[in-house]
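Chemist: Whatever this is, show me its structure:
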Amino acid sequence: MENKTINIAAVTDDGLTISQHFGRAAFYEVLFVENGKVVKRERREKLGHNNFAQEEHHHSDGEHGLDEHSHSKHVSMAEAIKDCQILLARGMGNGAYQSMSQLNIKPVVTDIKNIDEAVQAVINGSIVDHTEKLH
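Modeler: Presented below is the predicted three-dimensional model:
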């Protein structure tokens, strides 16, 4: 196996479990993986819905978060993890999912709660992306 480095971000409030909702989570837990092993982890502040609470909530054609305004919010939420290739969440809006993809960060909606277990599943290639949980 070649020397492979990937950075995986998980949305979290406690650093241990993956948050149920991408937009509401307070932090990203970023795990640095080299050759299939986690070599470092760090917690990063994450912009969330509370940071945009003063702004109007926009909906375009009933689709949550697909308008330009929402996309720019998602871009600012992703700023802290632009060095990551994968983003783990247990739920997220369709718009956020598409915005992350456009930023070359692969969003994965997982049903695994524990961050370390989910990261191990990514490393093993067994993680399942539950896109049916998008809203």
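
Chemist: most centrally placed residue in the chain?
Modeler: For the chain, the residue nearest the mean C-alpha position is Leu87 (3.4 Å; C-alpha atoms, centre = their mean).

Chemist: pretty sure that residue belongs to a strand, no?
Modeler: Yes. Applying DSSP: H, G, I helix; E, B strand; the rest coil, one finds Leu87 inside a strand.

Chemist: And Gly125, how close does it get to Gly36?
Modeler: In this view, Gly125 and Gly36 are 10 Å apart by C-beta to C-beta, to the nearest Å. Where you see a C-beta, it was placed from the backbone N, CA and C, and this is true even at glycine.

Chemist: got it, and Glu132?
Modeler: Distance, Glu132 to Gly36, by C-beta to C-beta: 29 Å.

Chemist: So between those two, which is more surrounded?
Modeler: Ranked by neighbour count (other C-beta atoms under 10 Å), Glu132 and Gly36 place Gly36 first, with 11 against 6.

Chemist: Excluding sequence neighbours, find me the nearest residue to that one.
Modeler: Ile123 (5.1 Å; C-beta to C-beta, 6 or more residues apart in numbering).

Chemist: pretty sure that neighbour is in contact with Val33, am I right?
Modeler: Yes. Shown here, Ile123 and Val33 form a contact pair, counting by C-beta atoms under 8 Å, at 6.2 Å.

Chemist: more crowded one of those two?
Modeler: Between Ile123 and Val33, counted using other C-beta under 10 Å, the more crowded position is Val33 (21 against 18).

Chemist: Over to that one. Which of the three states is it?
Modeler: Assignment for Val33 (three-state DSSP): strand.

Chemist: Bridged to it, which residues?
Modeler: Using DSSP bridges, the beta-bridge partners of Val33 come out as Ile6, Val38.

Chemist: how much space between it and His135?
Modeler: According to C-beta to C-beta, Val33 and His135 sit 29 Å apart.

Chemist: now swap in Glu29 and tell me
Modeler: Glu29 is 23 Å from His135, where distance means C-beta to C-beta.

Chemist: more neighbours, those two?
Modeler: Per other C-beta under 10 Å, whichever of Glu29 and His135 has more neighbours is Glu29, with 26 against 13.
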